[in-house]
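Undergrad: Let me see the structure of the following:
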Amino acid sequence: MGGEIAPSQAELIGEMGGAEFFDRSIADKVNDSIARNAMTPSVARDFVKDLASRRQEFLETVTSTFQGLEGLKITDTRIEAGSADVAFLIPRDLFNNQVGTFAKELVFINLLIRDCSEATTGKVESVDLKELSSSVPTVALAASARVVLALAKILNKFLDAWKRIEEIREVRGRLTKMGLKGVALEELTGQISTTVEEVVEESTSTLLIEYNGDSGRKNELSNALTQDMRRLFGQIERGLKIELHAEAKADEQDEVYLDD
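TA: Down below sits the predicted model:
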């Protein structure tokens, strides 16, 4: 049957539901159909024609899809071994489609990566743009593996804190519906603020745990990271999404994808 494709594409096609067309035992299936329909060869003929037709139709669909993706400049985004990247998906509600406000989001992201890189590697890394898409504004940046892993730890802390905060809000909401007021509700509201400040402080300490710079700069960086963490938590709560990708070297672990 014509229309052969590369092995890597065959693997992908199998995941898309075309496994039967690349089954190693496909010849055995054809022979079995012929053997079972020796007295009615037309049945075996129709089986082979149907299989060939469906396979060719599937291949044409896949080929067309690949060509369409290439035409739209959508290519493989896997990263090289030993490297990493971080993508920020910025919902339009965060900047209300205002260019100036969107620019402020980019400035914050740039500052966040620079501060995190200095805290974890001891030097300020260049923040290089890898990809940019506009439907849901997404900014993908190159980053060192150490920075990406540090951010992964921070995001896990944020998620845990967010769950606790949601539970507190749920309890506060039930009490409010019951008509309760005063100190009880105030304490719950205070607990939310305390939880946020605790995770901000803990995240800042985590980022600086291996920092070896002088104490003066460490204090400055601690203050900067505290502001970064506080704003990052707020932006995530408002819908900011962060995707972290890291590709291990051959002698290390397999590729890790961490999504917030």
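Undergrad: Tell me the helices and strands packed up against whichever strand or helix holds residue 149.
TA: Using DSSP states H and E, the element containing residue 149 is helix 145-177. When contacts are defined as 3 or more Cβ pairs under 8 Å, 6 or more residues apart in numbering; DSSP states H and E, helix 145-177 packs onto strand 84-89, helix 99-121, helix 183-207, helix 215-237, strand 241-246, strand 256-259. C-beta coordinates here come from the backbone N, C-alpha and C atoms, glycine included.
Undergrad: hmm, try it at 6 Å
TA: strand 84-89, helix 99-121, helix 183-207, strand 241-246 (3 or more Cβ pairs under 6 Å, 6 or more residues apart in numbering; DSSP states H and E).
Undergrad: what comes up buried for that helix?
TA: 145-152, 154-155, 157-158, 161-162, 165, 168, 172 (16 or more other Cβ atoms under 10 Å).
Undergrad: just the helices and strands packed on helix 145-177: most buried one?
TA: strand 84-89 (a mean of 21; mean count of other Cβ atoms under 10 Å).
Undergrad: what angle do that one and helix 145-177 make?
TA: 30 degrees (axes from the mean of the first three to the mean of the last three Cα atoms, to 10 degrees).
Undergrad: List of residues touching strand 84-89?
TA: With contact meaning Cβ atoms under 6 Å, 6 or more residues apart in numbering, strand 84-89 is reached by 79, 109, 130, 136, 138-143, 145, 148, 241-246.
Undergrad: same thing but at 8 Å, please
TA: Strand 84-89 has contacts (Cβ atoms under 8 Å, 6 or more residues apart in numbering) with 79, 109, 113, 130-131, 136-145, 147-149, 151, 240-247.
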